[in-house]
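sequence below, structure please.
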Amino acid sequence: MKLFRTLISWEEALKKVLPHAKRTELEEIRFEDALNRVLAEDILSPIDSPPFDRAAMDGYAIRGEDSFCASPQNPVLLKLTKSQLGEDKNQAELAEGECVPITTGMPLPKGSNAVVMLEYTRERGDTVEIFKPVTPGKNVSFQGEDVKKGEAVLKAGKILRAHDLGMLASLFTRTVKVYKRAKLGIIASGDELIDPALQSSEHEQWQRRQKIADSNSYTLAALTQKIANPYRIGIVRDNYEEIKDALRSSLERGCEGLLVSGGSSVGTRDFLGDAVEDLGELIFHGVAIRPGEPTGFGIINTKPIFVLPGYPVATIAAFELLVRPFLYAMHGVTEERRKILARASKKIPSAVGRTDFVRVKVLRTDQGYYAEPIRVSGSGILSSMTKSDGFVVIPENKEGVAEGELVAVTEYYSW
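Next comes the predicted model:
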């Protein structure tokens, strides 16, 4: 059996990893193609939004002062102006005691300062009865109310979401500069693995040989694809030369980095660390995190190689604690992942000298949020991830978390 070269702390591992996160280049793309891309420049609004005072409701544009005495028992009568017909009605200027029909989003006619909702009115020939008073500014969206010209509406380093694309569209921003997505190769190592995407007959044949499904490469691809372009290379057997060939050929195919799971521990058939060291430099192998201790990092031909554990939960923990920060730095992401402050529903044990990645379920009560640890041992129990809503990181200098103590829960997805 081999030993880890040196077991280092999570903080030290981050310090060794992040300097190798070479920032990707920029590219300019259409705003409608920018979902989940990382913005590379601040977006300053070229216009006021809305660009004019507009109606926020269907109804009648009026001078709010003309409706002050209105009630169901004593409606106010306002005159329908001739400008209600034709396309120039918004150029007309309302006089005292007049109103103009208007629909949501239309420019407010000159002289008007409010909109009375349709349900509080009734037309009677060339007049309109108003049953409810409105104050000036009521049911009106004023020019620049949303965004003012020159205002920074989106900051560089933001991962663009659906509503951000809507904002870009509303400002007529046709293209944006974003960071290019790095191509990351993903390899699963292990004689025991089978690709779950195989045809059923092949699958059944392999099952008879007591194989297990390769879940790691699919999980890593899914975790990676929001930031970078994952490239699933497939399964490599526990053979030293085959692993070396897979690493070498993957980088020759244009991969800008590799995530390799399996073969990272200290058994007689764990060759991954040695292969990375043979082809380049193994910067560290072994991190004091649980799960995920057999995690390593190296460089081959200036390309980063993450040596990840074979157990699924350990792989995910290593990704969240080391790979994700690396990818964020590589792609210029500056925003923080959302965290919820919650109280531990029960004691969470931890040992001083290691960082613990604790899966928790978030419970919402009248007294606030509670974090309930998933009581499943073993870094191969993938259901501990599917049952959890997020994770808590217990630092290496802390001996567990007491019941009722506040913890920061990093959510997998924002609610």
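
mind listing the helices for this structure?
10-17, 162-170, 200-208, 216-224, 240-252, 272-279, 312-318, 324-330, 383-386 (DSSP state H).

pick the most buried one from the ones you listed.
For those, the largest average neighbour count (mean count of other Cβ atoms under 10 Å) is found in helix 312-318, namely a mean of 27. Using the backbone N, CA and C atoms, a C-beta is placed for each residue, glycine as well.

what's that helix packed up against?
Secondary-structure packing of helix 312-318 (3 or more Cβ pairs under 8 Å, 6 or more residues apart in numbering; DSSP states H and E): helix 216-224, strand 289-290, strand 303-308, helix 383-386.

so how far is the third one off the chain centroid?
Per Cα atoms, centre = their mean, to the nearest Å, the displacement of strand 303-308 from the mean C-alpha position of its chain is 23 Å.

swap in the longest one?
The gap between the average C-alpha position of helix 216-224 and the chain average comes to 15 Å, counting by Cα atoms, centre = their mean.

any idea of the angle it forms with strand 303-308?
Angle, helix 216-224 to strand 303-308, by axes from the mean of the first three to the mean of the last three Cα atoms, to 10 degrees: 120 degrees.

out of the helices and strands packed on helix 312-318, which is closest to residue 252?
Residue 252 lies closest to strand 303-308 among the helices and strands packed on helix 312-318, at 10.4 Å (Cβ to Cβ).

so what's the residue of the chain most remote from its centre up against?
In the chain, residue 125 marks the outermost C-alpha relative to the chain mean, sitting 55.4 Å out by Cα atoms, centre = their mean. By Cβ atoms under 8 Å, 6 or more residues apart in numbering, no residues touch residue 125.

list the contacts for residue 164?
Neighbour list for residue 164: 34, 154, 158 [criterion: Cβ under 8 Å, 6+ apart].

revised request: answer the last question for residue 36.
Residue 36 sits next to 159-161, 226-227 when contact means Cβ under 8 Å, 6+ apart.

any chance of those in TSV, with pLDDT too?
Formatted as TSV, the contacts of residue 36 follow (pLDDT from 0 to 100):
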residue	pLDDT
159	95
160	96
161	94
226	89
227	93
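
quick one: which two of those residues are the most distant?
Pairwise over the contacts of residue 36, using Cβ to Cβ, the maximum falls at 161 and 227, 13.4 Å.

from residue 384, how far out is the nearest residue to residue 380 once chain neighbours are set aside?
Spatial nearest neighbour of residue 380, excluding adjacent residues (Cβ to Cβ, 6 or more residues apart in numbering): residue 311 at 4.4 Å. The spacing between residue 311 and residue 384, counted by Cβ to Cβ, to the nearest Å, is 11 Å.

alright, that wraps it up for me.
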